[in-house]
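Novice: The sequence isn't on hand, but the structure is:
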């Protein structure tokens, strides 16, 4: 703002600056045809940018991240052109409605608004974009904060998880419990299950005849990776431990368990795809996904694994042995000691260790960082935008005192002048905010897409809190600006 104001001042002669309060700013775009062309270009730029981050998002994400510069640039250019064309169109449009334009002091109000927009096209465009960033940042930050506060107990329902892999040797994860008397005496609900993998059973094969459709929609999935398979008895044992619903299967049926991107497999079930696992052809037991996971985490991470009857996997190749258990004590010192032993547990076989406390600490740390950055930048941008609008309005009121004096001389009373001032400030404050809200409605869809990668599907609550917060801060600045502006233009007795 300081840079643009400096440039603007340097372009004018001293005599013009001294007499600036006696006249409105000249309209820079007077040709209505040019204004309409600029407006159409701005709408096209914004429309293309909106489409790229909504309907064309899947195609966009297939390219390098730098491709995002295209919708960002189009959005910024479209915003500037929108306000630039509006500065030349607004009076032309309003004068076509004489009842509105010539009603009371509306002519004065609209000319003042047109002068303000014409004076600070770039500034008001930047303010609009800053408000847009504020809304998206705060909505995302508050959503992440609320999500991680509630997700730990849901996605990490047990205290300890040890995964031993069948590689060069056969794992025995129960050795961890028996390796130390402290662990043995302070753990309970010990549950051990096995998972399987088949060399040829990869994600592309597991999708059946729905693979080509899914590949277009989810191009970032590694379809050559092998899929986990679990026998029914082990799944139901795990389900009771992790607080899932148990299931029943016939010998020729399979179920798919997922809690991340469930639509990836939903089409496979709805098309009744026949899947071959360990040489046996199986059909889906239902047309919907079973909600669940294998490994504990802070957010949904299970793309999908298959549950089949025990007969199907009796000759299958085991991939991992998993132990779940809970603490039987609330003693913090004992729990901390066991947590250290978990980190130092290094058996002969390959192992992965995790605990609810570790997951909680990591989630809280990530949540704090994201929330701090989002809140800091969001609040800074919001306050900066509001302050710029307020300072511009107050400085204009000082410059326009003579204009309000003239209004009194031609018969306008204080009530009409205050009403005109209120309308002028309200329109001025709402113009950048209105377009910013439109940008945000589109931008939040992109934010939701990014948050979906963390398993966060609901951004509504965070968005509502953000809009309420913005209206409060914005409203406070508007109210203070109006009251001070009223005092500035009030005729001193």
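Specialist: Perfect, thanks for sending it. These numbers were taken from a predicted model, which means no experiment stands behind them.

Novice: biggest helix in this protein, by residue count?
Specialist: Assignment by DSSP state H gives helix 356-399 as the longest helix of the chain.

Novice: On the pLDDT front, check residue 477 for me.
Specialist: pLDDT, residue 477: 94.

Novice: Quickly find the element holding it.
Specialist: Residue 477 belongs to helix 460-489 when assigned by DSSP states H and E.

Novice: Now do the buried residues in that helix.
Specialist: 462-463, 466, 469-470, 473-474, 477-478, 481-482, 485-486, 488-489 (16 or more other CB atoms under 10 Å). Any C-beta I mention is one placed from the backbone N, CA and C, and that applies to glycine too.

Novice: Nearest to residue 49 among the residues you listed?
Specialist: Nearest to residue 49 out of these is residue 463 (CB to CB; 19.9 Å).

Novice: That closest one - nearest residue in space that isn't next to it in sequence?
Specialist: residue 139 (4.4 Å; CB to CB, 6 or more residues apart in numbering).

Novice: who's in contact with that neighbour?
Specialist: With contacts defined as CB atoms under 8 Å, 6 or more residues apart in numbering, residue 139 is in contact with 440, 444, 447, 459, 462, 463, 465, 466.

Novice: Report the secondary structure state of it.
Specialist: helix (DSSP: H, G, I helix; E, B strand; the rest coil).

Novice: for the chain, what spans make up the strands?
Specialist: 160-165, 187-196, 229-231, 253-258, 275-277, 280-284, 290-291, 305-308, 318-327, 351-355 (DSSP state E).

Novice: By pLDDT, give me the weakest of the buried residues of helix 460-489.
Specialist: Within those, pLDDT is lowest for residue 489, at 82.

Novice: So what's the residue count around the residue nearest to it when sequence neighbours are not counted?
Specialist: With CB to CB, 6+ apart as the criterion, residue 489 has its nearest non-adjacent residue at 4.2 Å, and that residue is residue 404. For residue 404, the tally of surrounding residues (other CB atoms under 10 Å) stands at 21.

Novice: Sketch out the low-pLDDT regions of the protein for me.
Specialist: For the chain, residues meeting the criterion pLDDT under 70 lie at 1-2, 4-5, 8-9, 14-30, 57-65, 149, 453, 491-493.

Novice: hey, what's the closest residue to residue 290 other than its chain neighbours bridged with?
Specialist: Spatial nearest neighbour of residue 290, excluding adjacent residues (CB to CB, 6+ apart): residue 257 at 4.6 Å. Applying DSSP bridges to residue 257 yields these beta-bridge partners: residue 290, residue 305.

Novice: heads up, I number from 53, so please use that
Specialist: That works, and once the first residue is 53, the last one we named lands at residue 309.

Novice: What separation do you get for residue 309 and residue 270?
Specialist: Distance, residue 309 to residue 270, by CB to CB, to the nearest Å: 18 Å.

Novice: Which one of the two is surrounded by more residues?
Specialist: Shown here are residue 309 and residue 270; by other CB under 10 Å, residue 309 has more neighbours (24 against 16).

Novice: is it true that the more buried one touches residue 286?
Specialist: No - Residue 309 lies out of contact with residue 286 (CB atoms under 8 Å); the separation is 11.9 Å.

Novice: hmm, back to that, TSV please, covering the strands of the chain and showing distance to residue 156.
Specialist: Conversion of the strands of the chain to TSV gives the following (distance: least, CB to CB, whole Å):
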stretch	distance to residue 156
strand 212-217	72
strand 239-248	76
strand 281-283	75
strand 305-310	63
strand 327-329	74
strand 332-336	70
strand 342-343	61
strand 357-360	70
strand 370-379	73
strand 403-407	70
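
Novice: For stretch 378-394, buried residues please.
Specialist: For stretch 378-394, the neighbour count (16+ other CB under 10 Å) marks 378, 379, 386, 387, 390, 391, 394 as buried.

Novice: now swap in stretch 199-210 and tell me
Specialist: Neighbour-count burial for stretch 199-210, counted by 16+ other CB under 10 Å, picks out 199, 200, 203, 204, 207, 208, 209, 210.

Novice: next one: stretch 219-233
Specialist: In stretch 219-233, counting by 16+ other CB under 10 Å, buried: 223, 225, 228, 229.

Novice: now, which of those residues lie within helices?
Specialist: In helices, judged by DSSP H, the following of these are found: 228, 229.

Novice: which one of the buried residues of stretch 219-233 is nearest residue 276?
Specialist: The closest of the buried residues of stretch 219-233 to residue 276 turns out to be residue 223 (CB to CB; 25.4 Å).

Novice: In the buried residues of stretch 219-233, find the pair that's most separated.
Specialist: 223 and 229 (13.3 Å).

Novice: I'd say residue 190 and residue 423 touch.
Specialist: No - in this structure, residue 190 is not within contact of residue 423 by CB under 8 Å, at 9.8 Å.

Novice: And those two? Which one has more around it.
Specialist: Ranked by neighbour count (other CB under 10 Å), residue 190 and residue 423 place residue 190 first, with 25 against 19.

Novice: Look up the closest residue to residue 207, ignoring the ones flanking it.
Specialist: Nearest residue to residue 207, sequence neighbours excluded (CB to CB, 6+ apart): residue 349, at 5.4 Å.

Novice: now do residue 403
Specialist: Using CB to CB, 6+ apart, the closest residue to residue 403 is residue 216 (5.2 Å).

Novice: Likewise for residue 414?
Specialist: Ranked by CB to CB, 6+ apart and with sequence neighbours excluded, the top spatial neighbour of residue 414 is residue 350, at 6.7 Å.

Novice: And that neighbour, how close does it get to residue 417?
Specialist: Computed as CB to CB, the residue 350 to residue 417 distance reads 10 Å.

Novice: cool, residue 122 as well?
Specialist: 34 Å.

Novice: for residue 99, same thing?
Specialist: Between residue 99 and residue 417 the distance is 40 Å, computed by CB to CB.

Novice: Quick check, residue 433 in contact with residue 180.
Specialist: No - Residue 433 is not in contact with residue 180 according to CB under 8 Å; the separation is 11.2 Å.

Novice: Give me the more crowded residue out of these two.
Specialist: residue 180 (25 against 20).

Novice: Just list the residues touching residue 390, thanks.
Specialist: Contacts for residue 390 (CB under 8 Å, 6+ apart) come out as 212, 234, 235, 238, 239, 379.

Novice: Most widely separated two among the residues you listed?
Specialist: Among the contacts of residue 390, 212 and 234 lie farthest apart (CB to CB), at 13.1 Å.

Novice: The two - which one has more neighbours?
Specialist: More crowded of residue 212 and residue 234, by other CB under 10 Å: residue 212, with 25 against 13.

Novice: show me the contacts for that one.
Specialist: Residues near residue 212 by CB under 8 Å, 6+ apart: 239, 375, 376, 377, 378, 379, 390, 394, 406, 407, 408.
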